[in-house]
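Participant: curious how this folds, go ahead:
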Amino acid sequence: MKRVMGLDLGSVTCGVAISDPLGIVARNVETIRFTSDDYEECLEKVLSVVKREQPDEIVLGLPKHMNGDVGVRGKVSEQFKEMLEANIQTKVILWDERLTTAAAERILIQADVSRKKRKKVIDQMAAVQILQSYLDFSR
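Facilitator: Residues are numbered from 1 along each chain as shown. The predicted structure follows:
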């Protein structure tokens, strides 16, 4: 049994998801908000969630261009991974997150969630998409 945490890192928010104890199903946890591009502040808040949830692994979304190249946002995720690993013993895995936010948006629209409510939970849902993709691949 291992619990896995999923993170969807943005420039002002970080969506957080966690798996069930069997590592089969992902669920949303929260959206961390931080000052624009202040990844030190984000790191402190993520470390607090890691301490509370105690995951065995962390999956961090890696934004890639559709051709597979890693751009500026991807480099930020790579640097954030290094920051995380410098502060915890938990394994951090970068996971391709292409189209996860779009998929999360479609799910919320199909569930008839208002635009205002979607904005509040879209990052959590993207983290769920990232994590569920990883969990499905791992089985």
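Participant: need the helix or strand of this structure with the lowest average pLDDT.
Facilitator: Every helix and strand in the chain was compared by mean pLDDT, DSSP states H and E; the lowest is helix 100-110, with a mean of 72.
Participant: following the chain past it, name the next helix or strand.
Facilitator: helix 115-138 (DSSP states H and E).
Participant: and residue 137, how far is that from residue 96?
Facilitator: 10 Å (Cβ to Cβ, to the nearest Å). Placement of C-beta: from N, CA and C, glycine included.
Participant: these two - which one has more neighbours?
Facilitator: Between residue 137 and residue 96, counting by other Cβ atoms under 10 Å, residue 96 is the more crowded of the two (16 against 8).
Participant: doesn't residue 64 make contact with the more buried one?
Facilitator: Yes. In this structure, residue 96 is within contact of residue 64 by Cβ atoms under 8 Å, at 5.7 Å.
Participant: run through the residues that contact whatever residue is furthest in space from the centre of the chain.
Facilitator: Within the chain, residue 112 marks the point farthest from the mean C-alpha position, 23.2 Å out by Cα atoms, centre = their mean. Contact criterion Cβ atoms under 8 Å, 6 or more residues apart in numbering gives no residues in contact with residue 112.
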